[in-house]
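Asker: quick one, what's the 3D model for this:
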Amino acid sequence: MTRILRETDVERVIDMEAVIEAVAAAMRELGEGKAQNEPRRRAFAPGALLNVMVATYPGGECMGLKAYTVAAGKVRFLVTVFGLDGALRALIEADLMGAYRTGAASAVAARALLPAPGGPLTVAVIGSGQQARTQALALSRVLSVGEMRVFSRDPKHREAFASEQSSALGVRVVAASSAEAAVRDADVVVTITTSTEPVLSADWVKVPSLVIGAGSNFPNRTELPADLVTRAQTVVVDQLAVARLESGDLIQAVGSGALAWERVTEFGTVMAGGWKAPAEPGITLFESHGLALWDLA
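Answerer: A predicted model of the protein is given here:
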């Protein structure tokens with residue numbers, strides 16, 4: 001039987017804690033070489049864009065794809081899930097689901113990579129859209145957050161975000177007056193914007209800390225400056241094959257000679273136990289572009 005889930009169905013049943021653990025399990029399997037994930041492919045048409053992502057996930061007894069379109073100012077997402085027997089299992093509208101799994105990946109990364117886990121921690125979120133909300137939700141589930149600061153260009157948006165999320169998460173969320181005010185002395189910094197140029201300066205970022213770049217999957221966009229990539233002691237990507245195509249932050253750093261791909265660690269390797277944290281913690285950078293495997297998880 002094929003299940004068809006609309007956005008309202010997903011909203012009714014989705015649970016962030018469950019999504020976090022599902023993404024963690026899937027990434028371990030990817031690191032162990034059991035699951036497979038292929039980079040996003042894009043096809044352009046006049047005024048429209050089609051994106052397709054595919055993966056296989058034996059641990060979840062499934063394989064499938066996510067297709068999403070960008071046209072007429074709207075983005076529409078559909079995840080198609082097959083069983084390992086090839087039978088169609090589900091068709092899922094995946095706007096909210098995509099936001100949840102992206103937030104969950106950041107939470108899994110924070111849990112695995114944060115140089116000095118514990119609390120209370122200060123978290124900075126640059127961006128105040130739906131994706132920023134699920135980043136905040138996910139991080140609040142795995143970290144002891146003392147204060148969360150949000151900055152976005154529109155004061156009304158960031159103030160509304162702070163008010164809503166303080167109530168929703170049960171933590172102190174404040175609207176910062178500037179990106180610098182948000183980032184200074186933060187233990188975790190998340191950028192989740194559509195910006196085409198850096199949204200913070202490297203000298204704002206303290207040592208040690210974790211920086212998560214989660215907003216861009218186009219090679220011509222950068223949220224983080226090249227000198228931050230250079231300062232980072234550890235650079236982790238969701239998947240190297242994806243980062244080589246989509247990580248504007250890293251592609252530009254490699255192009256300038258500030259970074260070599262050989263320095264970059266895959267998230268799956270971390271989750272499968274193939275990575276050892278540095279003895280002296282520094283800045284850790286996690287570049288998140290989005291994997292179809294997370295949608296299947």
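
Asker: how about the contacts made by the closest residue in space to Ser201 that isn't next to it in sequence?
Answerer: In space, and not counting its chain neighbours, Ser201 is closest to Pro225: 6.4 Å by CB to CB, 6 or more residues apart in numbering. Backbone N, C-alpha and C define where each C-beta goes, glycine included. Applying CB atoms under 8 Å, 6 or more residues apart in numbering, we find Pro225 in contact with Pro198, Leu200, Ser201, Ala202.

Asker: for Tyr57, same thing?
Answerer: For Tyr57, counting by CB under 8 Å, 6+ apart, the contacting residues are Ala26, Glu29, Ala35, Met63, Leu293, Leu296, Ala297.

Asker: circling back to that earlier point, just the buried residues from the contacts of Pro225, in PyMOL please.
Answerer: Applied in PyMOL, the following selects the buried portion of the contacts of Pro225 according to 16 or more other CB atoms under 10 Å:
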select buried, resi 198+200+202
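
Asker: quick one: the contacts of Pro225 as CSV, columns for distance to Asn51, secondary structure and pLDDT too.
Answerer: Output for the contacts of Pro225, formatted as CSV (distance: CB to CB, whole Å; DSSP: H, G, I helix; E, B strand; the rest coil; pLDDT from 0 to 100):
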residue, distance to Asn51, secondary structure, pLDDT
Pro198, 24, coil, 92
Leu200, 27, coil, 94
Ser201, 31, coil, 94
Ala202, 31, helix, 94
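
Asker: and the contacts of Pro225 as a markdown table, adding distance to Val237?
Answerer: Formatted as a markdown table, those follow (distance: CB to CB, whole Å):
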| residue | distance to Val237 |
| --- | --- |
| Pro198 | 18 |
| Leu200 | 19 |
| Ser201 | 22 |
| Ala202 | 19 |
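
Asker: of the contacts of Pro225, which is the nearest to Glu246?
Answerer: For these, the minimum distance to Glu246 (CB to CB) is 16.8 Å, reached by Pro198.

Asker: find the nearest non-adjacent residue to that closest one, please.
Answerer: Nearest non-adjacent residue to Pro198 (CB to CB, 6+ apart): Pro225, at 4.2 Å.

Asker: gap between that neighbour and Leu200?
Answerer: Distance of Pro225 to Leu200, computed by CB to CB, to the nearest Å: 7 Å.

Asker: which parts of stretch 171-181 are buried?
Answerer: Buried, per 16+ other CB under 10 Å, within stretch 171-181: Val171, Val173, Val174, Ala175, Ala176, Ala179.
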